[in-house]
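Trainee: Below is the sequence, then the predicted model.
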Amino acid sequence: MLDLHLAYQETPRLLDLLNRWDSQIASEPAIVHHPWTNISLWPAARGATVAGSTGIEGNPLSAVQVDQVLAGAPVDARPADIREVFNYNSALDLANRAALRPDFEWSQELLRRLNATIMRDLQDDERGEYREQPVIVGGVFTPPEYQRLPALMSDLVEWLRQGDAHPLIRAGLTHLNVVSIHPWLNGNGRTARVAGSLMLMRCGIGAPELLNIESEIRANTRQYARVLQTAHGATYDPDRHSATEWLEYFAEICVNRLDSRNRMAEALATDVGLLAMRLARSPYSTEWFAVLISARLAPIRTTEMASMLGLSPARVRALLVRLASDGWLEAAGERRGRRYGPGPRLLELPLRTPELMDRFRAGE
């Protein structure tokens with residue numbers, strides 16, 4: 001029997017949340033990397049996800065500041081805080097690439113690589129190696145002895161590779177078990193959140209950043225800590241603790257965020273329609289309406305847009321320059337670090353999506 005936190009009860013509340021999730025997610029396509037309809041939302045949602053997860057651990061950068069960091073803009077912050085942002089963004093990139101691989105398989109090496117990426121060049125950077133000393137987490141939780149870590153992580157990988165439980169159950173238990181085993185000196189919470197997102201991707205959710213559960217957790221970290229503490233107790237002993245309350249908490253956040261994402265998608269359709277009317281006589285395609293809204297939400301860069309649109313950087317660069325010359329965008333930064341934000345013509349439009357994105361970033 002696996003010595004993991006896997007026991008839970010299918011309470012009426014939990015079953016209701018799972019059913020609500022299923023009813024909203026039924027029309028979701030299989031894993032797709034940033035379909036163009038999400039281009040306008042994804043960069044800002046990625047920044048909010050990075051800000052949320054690093055902020056849970058005490059990083060002071062706001063979602064707007066994180067957007068600026070990821071776009072290459074200067075930000076007045078400690079180098080370590082900026083490094084945490086870049087590292088977490090890289091870990092999400094690693095998870096996204098892994099999820100799309102046809103030969104994907106959960107492994108200890110993958111989990112180690114995620115932690116190594118999160119902790120690169122930071123204090124306690126152990127290159128993904130498991131800790132070799134006892135620790136007490138937050139002064140309230142004693143995780144398993146370090147001698148047990150290889151066996152426990154082997155159990156975890158075995159469980160990750162099997163089972164057909166509901167996606168929210170699998171993602172929630174992935175998150176809980178990485179946090180509870182606490183295999184590394186640092187970065188366990190961030191690694192757990194990336195691993196949980198990776199599980200969602202493997203269960204068919206193409207862009208967990210558009211859920212951004214991290215911002216809602218950051219908005220109430222005390223509740224997050226309390227529910228985790230209830231789930232794993234004072235010492236690591238899965239047989240004595242049920243994951244039910246944690247799964248109810250995790251599922252409720254996911255359902256709330258899915259509802260928020262869907263409302264933003266509805267607002268996006270309205271905003272794209274407004275832009276289409278304003279640009280009816282322009283040479284821009286419908287894909288560029290989404291790019292304009294993306295720039296309204298967060299700074300955009302040529303290489304990122306080219307990757308998401310499947311176009312050459314040269315073509316995208318030329319179109320961004322034209323949008324800027326027409327007053328729809330405004331360029332900032334030098335050539336290699338150039339980024340684009342909204343220009344005066346874009347700012348004057350009464351778009352709904354920016355207001356919803358601000359609330360989304362705040363975890364509301």
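Mentor: Now that the structure is in, tell me what you want to look at. It should be emphasised that the depicted structure is a prediction, and the values quoted were computed from it without experimental measurement.

Trainee: Could you use CA atoms for every contact and neighbour count after this?
Mentor: Will do.

Trainee: In three-state terms, label Val255 for me.
Mentor: Secondary structure for Val255, judged by DSSP: H, G, I helix; E, B strand; the rest coil, is helix.

Trainee: Is the residue lying closest to it once chain neighbours are set aside within a helix or a strand, and which one?
Mentor: Among residues not flanking Val255 along the chain, Trp21 sits closest, at 5.7 Å (Cα to Cα, 6 or more residues apart in numbering). Trp21 belongs to helix 12-25 when assigned by DSSP states H and E.

Trainee: Which secondary structure elements does that helix sit against?
Mentor: helix 244-278 (3 or more Cα pairs under 8 Å, 6 or more residues apart in numbering; DSSP states H and E).

Trainee: Next secondary structure after the helix it packs on?
Mentor: Following helix 244-278 toward the C-terminus (DSSP H and E): helix 286-297.

Trainee: Other residues contacting that next one?
Mentor: 36-44, 271-272, 275-276, 300, 305, 328-329, 340-342, 346-347, 354, 357 (Cα atoms under 8 Å, 6 or more residues apart in numbering).

Trainee: sorry, back to before: ok now the helix holding Trp21, how far from the chain's centre?
Mentor: Computed by Cα atoms, centre = their mean, to the nearest Å, the chain-centroid distance of helix 12-25 equals 21 Å.

Trainee: Give me the angle between that helix and helix 244-278.
Mentor: Interaxial angle of helix 12-25 relative to helix 244-278 (axes from the mean of the first three to the mean of the last three Cα atoms, to 10 degrees): 20 degrees.

Trainee: Pull out the buried positions in helix 12-25.
Mentor: For helix 12-25, a neighbour-count test (16 or more other Cα atoms under 10 Å) marks Leu14, Leu17, Leu18, Arg20, Trp21, Asp22 as buried.

Trainee: check contacts around the first one.
Mentor: Which is Leu14. Residues near Leu14 by Cα under 8 Å, 6+ apart: Leu247, Glu248, Ala251.

Trainee: got those residues as TSV, with pLDDT columns?
Mentor: Shown next, in TSV, are the contacts of Leu14 (pLDDT from 0 to 100):
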residue	pLDDT
Leu247	98
Glu248	98
Ala251	97
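
Trainee: and this structure, what are its domains?
Mentor: Here the domain parsing of the chain from automatic domain parsing is 12-258, 260-361.

Trainee: Deepest-packed of those, please.
Mentor: Highest mean neighbour count of the domains of the chain: domain 12-258, a mean of 19 (counted as mean count of other Cα atoms under 10 Å).

Trainee: so how far is it from its chain's centroid?
Mentor: Per Cα atoms, centre = their mean, the centroid offset for domain 12-258 relative to its chain is 8 Å.
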